[in-house]
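Q: no sequence for this one, just the structure:
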């Protein structure tokens, strides 16, 4: 296992031996370049860091293929569900202040969630079969995705409910549960509900709350729900990828209105997001700014779903948006308060107990507290869980850890 001292040694060695630094950077640069060579990935940004140093950053390919605009480190991207970790931190900030209790029913704060129902299926006339939930949904269950709230993308009944006209775009949170709270793990809209909770408790919009309590303290100056006009030129084009690897641009529609999705609404740069990861890695603090207490970070990093298994064989209901998903087929995944936790080491990469998650447009991150290292790989393509990007993520992670091993 790579110890923290090895990574610190790596940084020291690279600082003292510019040739060695250039060699390692060149190897990973070549990896990124080769990943976009055949055009199946339009562009990529990758960064690896310790809690206080960037140990690699690079970009390859195009921010926009049609105009041949190159992908750059400061490119703004849709980070989608990587937003969830930030929302989870915001909730924990309010828990620290005594404004939210983890085990309290969310209905105590948001009365519209007091009387929830479970969708058991559909009758012969395609009408939903609903019953009262056996327990109230708690804040803790929302943080751990054991609430019963799911996504249509990965749940056939939820997709059928929506397509039958029972769910509306005006209030997509007003939907039944897929199962009784606390009985199962399934990924879903729980974090969007937590975003509403943050707004109600804080009295601020999620946009304002994030900016005041997370983005400004951490120096995340390029992270937004709505990208300012003057920065739109740096926003990457997103692409839909066919089975043959052909890329079709997805038209950009600038968000409007006053709903900010705590589950997936943010745009950010890889550099900004790595600063957030570094703060988690450093026990909630970065460059003298404390985002969260070390005790809260430690709590978020523990298994909170008991014997349940997370992220195991998630089957898609919408192949346009996502492939079938299984993050770690050879590991029993667990879930903390906002993070996936692997219970087995990844060969050549992160050890047991590392934290991770991803975004729909094929962006991925990991946090390795044992070795003081984090990494992020960002692309902008659909559907999610793309085989080419997953291969690149694995190779990048392996290269980062191999570089650290070589410095010992």
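A: Cool, the structure landed. Just so you know, these numbers come straight off a predicted model, no measurement behind them.
Q: Show me what the host helix or strand of residue 77 pairs with in its sheet, parallel or antiparallel.
A: For residue 77, the host element (DSSP states H and E) is strand 77-78. Strand pairing for strand 77-78, using DSSP bridges, gives strand 267-268 (antiparallel).
Q: Name the next helix or strand following the strand it pairs with along the chain.
A: Later in the chain than strand 267-268, the nearest helix or strand by DSSP H and E is helix 270-281.
Q: What's the first helix or strand after that next one?
A: Sequence-wise, the next helix or strand downstream of helix 270-281 (DSSP H and E) is strand 285-286.
Q: starting at the chain centroid, how far to that next one?
A: Offset of strand 285-286 from its chain centre (C-alpha atoms, centre = their mean, to the nearest Å): 20 Å.
Q: Who are the packing partners of that strand?
A: Under the contact criterion of 3 or more C-beta pairs under 8 Å, 6 or more residues apart in numbering; DSSP states H and E, strand 285-286 touches helix 270-281. For the C-beta atoms, the positions are set from N, CA and C on the backbone; glycine is no exception.
Q: can you do 10 Å?
A: Here strand 285-286 touches helix 216-218, helix 270-281, going by 3 or more C-beta pairs under 10 Å, 6 or more residues apart in numbering; DSSP states H and E.
Q: Pull up the pairing partners for it, direction included.
A: In the sheet, strand 285-286 lines up against strand 289-290 (antiparallel) (DSSP bridges).
Q: I'd guessed residue 397 sits against residue 391; true?
A: No: counting by C-beta atoms under 10 Å, residue 397 does not reach residue 391; the two are 11.0 Å apart.
Q: Now do the helix or strand containing residue 48 against helix 270-281, angle only.
A: Under DSSP H and E, the secondary-structure element containing residue 48 is strand 43-49. Put simply, strand 43-49 runs at 30 degrees to helix 270-281, going by axes from the mean of the first three to the mean of the last three C-alpha atoms, to 10 degrees.
Q: Adjacent strands (with direction) for strand 43-49?
A: strand 54-64 (antiparallel), strand 373-378 (antiparallel).
Q: Between residue 397 and residue 391, which has more neighbouring residues?
A: Taking residue 397 and residue 391 together and counting by other C-beta atoms under 10 Å, residue 397 has the greater number of neighbours (22 against 12).
Q: phi, psi of the more buried one?
A: Backbone torsions of residue 397, given as degrees, to the nearest 10, read phi -60, psi -50.
Q: Would you convert the helices and strands packed on strand 285-286 into TSV that also reports distance to residue 98?
A: Formatted as TSV, those follow (distance: least, C-beta to C-beta, whole Å):
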stretch	distance to residue 98
helix 216-218	20
helix 270-281	22
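Q: Mean neighbour count, the ones you listed: which tops it?
A: Among the helices and strands packed on strand 285-286, the stretch with the highest mean neighbour count (mean count of other C-beta atoms under 10 Å) is helix 270-281, at a mean of 24.
Q: Mean confidence (pLDDT) on it, please.
A: Helix 270-281 carries an average pLDDT of 98.
Q: distance between it and the chain's centre?
A: 12 Å.
Q: what about the stretch 51-200 of the chain, any weak spots by pLDDT?
A: 167-170 (pLDDT under 70).
Q: show me where it has strands.
A: Assigned by DSSP state E, counting those that start in this stretch, the stretch 51-200 of the chain shows strands spanning 54-64, 69-70, 77-78, 117-122, 128-132.
Q: Go ahead and flag the most central residue of the protein.
A: Geometric centre of the chain, nearest residue: residue 82, 2.3 Å, by C-alpha atoms, centre = their mean.
Q: Hmm, it is touching residue 378, no?
A: Yes: using C-beta under 10 Å, residue 82 is in contact with residue 378, at 8.6 Å.
Q: Need the overlap of contacts for those two.
A: 268, 273, 359, 361, 363, 364, 365 (C-beta atoms under 10 Å, 6 or more residues apart in numbering).
Q: Determine which two of those are furthest apart.
A: Maximum pairwise distance in those, criterion C-beta to C-beta, is 13.9 Å, between 268 and 364.
Q: Which one's more surrounded, these two?
A: Set residue 268 next to residue 364 and count neighbours by other C-beta under 10 Å: residue 268 wins out with 27 against 24.
Q: what sits against that one?
A: 76-79, 82-83, 86, 215, 220, 222-224, 227, 274-276, 359, 363, 376, 378.
Q: taking the shared contacts of residue 82 and residue 378 one by one, which sit in helices?
A: Residues of these located in helices (DSSP state H): residue 273.
Q: Need the shared contacts of residue 82 and residue 378 in TSV (columns: distance to residue 94).
A: Shown next, in TSV, are the shared contacts of residue 82 and residue 378 (distance: C-beta to C-beta, whole Å):
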residue	distance to residue 94
268	22
273	22
359	24
361	29
363	26
364	28
365	24
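Q: Of the shared contacts of residue 82 and residue 378, which is the nearest to residue 53?
A: residue 273 (16.2 Å).
Q: I figured the closest one was touching residue 220, is that so?
A: Yes: shown here, residue 273 and residue 220 form a contact pair, counting by C-beta under 10 Å, at 7.8 Å.
Q: Overlap of the contact sets of these two?
A: Taking C-beta under 10 Å, 6+ apart as the contact rule, the neighbours common to residue 273 and residue 220 are 86, 266.
Q: still on that earlier bit, looking at the strands paired with strand 43-49, which is nearest to residue 189?
A: Using C-beta to C-beta, the strands paired with strand 43-49 put strand 373-378 closest to residue 189, at 23.1 Å.
Q: Please give the centre-to-centre distance between that closest one and its chain.
A: Counting by C-alpha atoms, centre = their mean, strand 373-378 comes out at 11 Å from the chain centroid.
Q: Please tabulate the strands paired with strand 43-49 in JSON lines and include distance to residue 94 and mean neighbour count as additional columns.
A: Output for the strands paired with strand 43-49, formatted as JSON lines (distance: least, C-beta to C-beta, whole Å; neighbours: other C-beta atoms under 10 Å):
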{"stretch": "strand 54-64", "distance to residue 94": "31", "mean neighbour count": "20"}
{"stretch": "strand 373-378", "distance to residue 94": "25", "mean neighbour count": "28"}
